[in-house]
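1. Got a sequence here, can you model it:
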Amino acid sequence: MADIETMSVNAIRVLSADAIQKANSGHPGLPLGSAAAAYELWAHHLKHNPKDPSWADRDRFILSGGHGSMLLYSLLHLFGYGDLSLDELKNFRQFGSLTPGHPEYGHTIGVEATTGPLGAGMGMAVGMAMAEAHLAAEFNKEGYPIVDHYTFALGGDGCMMEGISSEAFSLAGTLGLSKLIILYDSNRITIEGSTDIAFTENVQKRMEAFGFQLLEVMDGNDLSAIGQAIEEAKADKTRPSFITIHTQIGYGSPRQGMASAHGEPLGEENVKIMKQNLGWPSEEPFYVPEEVYDHYRELTAKLSEKEDAWKQLFDEYCEKYPEMKVRWEHYHNRATVKEALDSMDFWQIPEKAEATRNLSGVVLNRVKDVLPNLFGGSADLAPSNKTNLKDAGDFSKEDYAGRNIHFGIREIAMAAMGNGMALHGGLIPYVATFFVFSDYVKPMARLSALMGLPLTYVLTHDSIGVGEDGPTHEPIEQAAMLRAMPNFNLWRPADAMETNAAWYSALTSEKTPSGLALTRQNLPQLAGSSKEALKGGYILEDAEKETPDAIIIASGSEVQLAVEAKKILKEEDIDVRVVSMPCMDVFEAQDEAYKSAVLPKTVTKRVGVEALSDFGWGKYLGLDSNFVGMKSFGASAPNALLFKHFGITTENVVKAVKALF
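-> Sure thing, here's the model as predicted:
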């Protein structure tokens, strides 16, 4: 290792340790141990340009071990990314800084994904590699590899322990994603001590079984060996690669190799000793010699050459293939989605009763041709979820141009991969499973919401209407869970019009993920449903009186019960308004005037109807109210019997209203 490179690696360590010490909070172990690997990758192998961090054909780098965020912030600072100044490093973990405790996508320039939940970054990296492979199949022409980049992910033992990484790697190997390269920071230490207390498996054998090329670097400070391994990984054109890099947590500090180096500041005295051990020229906090900054500036100047070459290639490509230029712009401009949907007969509806899962499948196949970058699939449930795009091919090792993804029975990894596709850009991804299995999906859906990714979750079999499969497959509390999540729109449409509205909202969303909870059983088309559903809640059928005697609020399959109850109540001189509430989240985003017009405060007698838990309904119902829904888990029986058994019937809705008088 040349002296200037030694200094450049140690600059990452020093800045990381100083920032964590100043904040009196953070995780120094990973940055100190992985500094050499990260430097070698970023300096000599990663295709990136700090002057244009978002250019389309850059390599992606995901720090899956997000607790080691100071490694990434130090790299971004030293390579001159945006406004990530030394002052921002000094404000690590402070309110309003660009250096939060874990990397946050959209908050800090150069951060490709929000990471922190261990293993999540691995799943997102697989999704990015899938997106690269699909777009390359769509756009590349002979002599014009305009989509040709790698996805790198760095993580440690914790990422390998989490089940999500195994799910994701299993599919990556099956798909032969050769542009995916995993850097495994193997230091054999976690918070509680040696990994031997809970993790003795042969990780390399597991990765080999998944179908990865295996590479190993015995000394995590050997830049030459690390570089050689990265190049060997790139040379394999049929398999993803897994590079085990043996490191020492907290390298250079008195806590080297100790669990205490993982998640707490080293201490001022230990930081001083670390600098002495590294031969650092100053004990002054945040000191970096000018020659080190000069070295990084030299590296950065060379990095821009790769983008310049790509731009020249892309210009030639567009000139030779003008139709592909138009297609490229269509893929990479989210604003064109609304134009495409508005240009077709999007809102057509059938007359017959139909399950909303079927109606959703109709919408997907209606829009697939005007949205050629629609790309997704199901966790082995496409026939049930109705998510297959007809005549669009299957995404596979043999055909990356296929648009239907078979994720296998891997819900949490599927959601992470969907996030990775959305982060990559150029695609409109969707994922699907049963609504009850949103329990598996939720951690990654939360990351979708945090990152502002408009990923669509198709969640079918939305209530006790599942029937014979019984309580394990009948969602009860899942709607409340997803509605409680900020920046997530959960739709539960009542018919074709509302299903169209749900998809229109999901596809045109720019910063909010959507979940579509859809029925297994057939539902009638409601005369009062309309595009007003786009507002989340609306008056489906109004009272004849200026001020209704009561309001029935319902969602999904129970809206028809409210409509039927209204007719019966009218015969008994009780004049009610029926409000359909397909999406509470979108309704909450409307202005107060609209919400008050739909749910006037003067009408306090209210009944909620939903074949799910009542948790969260209180804000619409108030104290003078009743709820017709589930107060227990479901049961195994035909769905019609279950609705009657649990009292979710027209008769009980009528009783619930009358009980308020």
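
2. Quick check: pLDDT value at the closest residue to Asp380 other than its chain neighbours.
-> Excluding the flanking residues, the one nearest Asp380 by CB to CB, 6 or more residues apart in numbering is Ile409, at 4.8 Å. Every C-beta, even on glycine, is put in place using the N, C-alpha and C of the backbone. For Ile409, the pLDDT comes out at 98.

3. Give me the secondary structure label for Ile409.
-> coil (DSSP: H, G, I helix; E, B strand; the rest coil).

4. Settle this for me: it is touching Ala379, isn't it.
-> Yes: shown here, Ile409 and Ala379 form a contact pair, counting by CB atoms under 8 Å, at 5.7 Å.

5. ok, these two, which is more surrounded?
-> Ala379 (25 against 13; other CB atoms under 10 Å).

6. Which pLDDT value belongs to the more buried one?
-> With respect to pLDDT, Ala379 scores 98.

7. so it sits right up against Met417, yeah?
-> No: look at Ala379 against Met417 with CB under 8 Å: they stay out of range, at 10.6 Å.

8. Overlap in contacts, the two.
-> Common contacts of Ala379 and Met417, defined by CB atoms under 8 Å, 6 or more residues apart in numbering, comprise 407, 431.

9. still on that earlier bit, quick one: the residue nearest to Asp380 from Gly26, how far?
-> The gap separating Ile409 from Gly26 is 37 Å, by CB to CB, to the nearest Å.

10. Same check on Glu216?
-> According to CB to CB, Glu216 and Gly26 sit 29 Å apart.

11. between those two, which one's more packed in?
-> Using other CB under 10 Å as the criterion, Glu216 and Gly26 rank with Gly26 on top: 25 against 14.

12. what's the more buried one in contact with, if anything?
-> Going by CB under 8 Å, 6+ apart, Gly26 touches 19-20, 69-70, 92-93, 101, 263-265.

13. Next: Lys605.
-> Neighbours of Lys605 in contact, by CB under 8 Å, 6+ apart: 549-551, 624-625, 657, 660-661.

14. try it again with 10 Å
-> Going by CB atoms under 10 Å, 6 or more residues apart in numbering, Lys605 touches 548-552, 574, 576, 621-622, 624-626, 657, 659-661.

15. same check, this time on Leu490
-> Contact analysis of Leu490 by CB under 10 Å, 6+ apart lists 435, 438, 445, 457, 459, 478-484, 502, 513-517, 555, 582-586.

16. And His330, by the same measure?
-> Neighbours of His330 in contact, by CB under 10 Å, 6+ apart: 336-337, 339-340, 370-373, 426.

17. which of those residues lies closest to Thr108?
-> Gly426 (22.3 Å; CB to CB).

18. ok, the closest one - how many residues close by?
-> Per other CB under 10 Å, the neighbour tally for Gly426 reads 21.

19. Do you know the pLDDT at it?
-> Gly426 carries a pLDDT value of 98.

20. so how far is Leu313 from it?
-> Distance, Gly426 to Leu313, using CB to CB: 17 Å.

21. Repeat that for Ala533.
-> Look at Ala533 and Leu313: by CB to CB, they are 46 Å apart.

22. Just want to know which of those two has more residues nearby.
-> Per other CB under 10 Å, whichever of Ala533 and Leu313 has more neighbours is Ala533, with 27 against 16.

23. Chain neighbours aside, what residue packs nearest to that one?
-> With CB to CB, 6+ apart, the residue lying closest to Ala533 is Ala501, at 3.8 Å.

24. The one you found contacts Arg492, doesn't it?
-> No: Ala501 is beyond contact range of Arg492, at 11.5 Å (criterion: CB atoms under 10 Å).

25. Looking at these two, which is more packed in?
-> Remark: of Ala501 and Arg492, Arg492 carries more neighbours, 32 against 25, as counted by other CB under 10 Å.

26. so what's that one closest to, chain neighbours aside?
-> Nearest non-adjacent residue to Arg492 (CB to CB, 6+ apart): Gly556, at 3.9 Å.

27. thought the one you found was touching Arg520?
-> No: when contacts are counted by CB under 10 Å, Gly556 is not listed as touching Arg520 (11.5 Å).

28. neighbour-wise, which of the two wins?
-> Each of Gly556 and Arg520 has its neighbours counted (other CB under 10 Å); Gly556 has more, 28 against 22.

29. list the contacts for that one?
-> Counted by CB under 10 Å, 6+ apart, Gly556 has contacts 356, 462-463, 465, 479, 491-495, 498, 517-519, 523, 580-582, 609-612.
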